[in-house]
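1. Requesting a structural model of the entry that follows:
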Amino acid sequence: MLIIGIAGGTGCGKTTVVNQILNELPEGEVGIISQDSYYKDTSHLSYDERVKINFDHPRSIDFELLESHLKELRKGNAIEQPVYSFVKHNRTGDTIKTLPRKVMIVEGILILTHPELRDMFDIKIFVHADSDERLIRRLKRDITERGRDIDEVLSRYQNTLKPMHQQFIEPMKEYADIIIPNNKYNTVAVDIVKTIINEKLN
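-> Numbering: from 1, shown residues only. Okay, the predicted model is just below:
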């Protein structure tokens, strides 16, 4: 099994890169795990308390569960991936059955911050986009998909997103095998990744 980690700041275009890779590969050969599914369970907190959590800090992620799930997949076992609600700021209680594939892609802003998890990745990719571009994408997504208002998104960006990006996410570039600049569609870098994956599949 080939495990690929794709990291980068919020709104950098990780999902776009994942889709570009998936579109070129045989269906059923690649599985996806999103870090967003592994935010820690916050059922013991009220909604007002959950809203105040800094979700851009590594301590908000249940890395131990994510790590154990990857180990199970590597053994050939299926896992039950948690389902997370960005509206409720908590896990829903539902799970999604995820089967082991020849290639597993793990994507998320903080996945390279955890050394044990980082060591499990055969290829580490960092998707880079400038901060203005990322803010615009984040605004559009949070307002249309997650029911946030513009003041809330901008406040969160200034108070947590930007400082957390500078402290935890941007420095993780040094661990990346490949850095993909995603302000424009970078065919060369994506093609390199697809070539490596195809070699593994064949």
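2. Can you give me the distance of Asn54 to Ser43?
-> 18 Å (Cβ to Cβ, to the nearest Å). Just so you know, the C-beta spots here come from the backbone N, C-alpha and C atoms, and that holds for glycine as well.
3. Settle it for me: which of those two has more neighbours?
-> Just comparing Asn54 and Ser43: by other Cβ atoms under 10 Å the higher neighbour count belongs to Asn54, 14 against 10.
4. okay, now the closest residue to Lys173 other than its chain neighbours: neighbour count?
-> The shortest distance from Lys173 to any non-neighbouring residue, by Cβ to Cβ, 6 or more residues apart in numbering, is to Phe126 (5.0 Å). Phe126 is flanked by 25 other residues according to other Cβ under 10 Å.
5. Phe126 bridge partners, please.
-> Here Phe126 sits in beta bridges with Ala7, Ile179, going by DSSP bridges.
6. what's near enough to touch it?
-> 7-8, 112, 172-173, 175-176, 178-180 (Cβ atoms under 8 Å, 6 or more residues apart in numbering).
7. roughly how far apart are it and Lys97?
-> Phe126 is 30 Å from Lys97, by Cβ to Cβ.
8. Going along the chain, name the helices of this structure.
-> Along the chain, counting by DSSP state H, helices occupy 14-23, 47-51, 63-74, 115-118, 131-145, 150-156, 162-164, 187-201.
9. among the ones you listed, where is the model least confident on average?
-> Lowest mean pLDDT within those: helix 131-145, at a mean of 74.
10. and the angle from that helix to helix 14-23?
-> Relative orientation of helix 131-145 versus helix 14-23 (axes from the mean of the first three to the mean of the last three Cα atoms, to 10 degrees): 80 degrees.
11. Can you tell me the closest non-neighbouring residue to Phe121?
-> Closest residue to Phe121 apart from its sequence neighbours, by Cβ to Cβ, 6+ apart: Gly5 at 3.7 Å.
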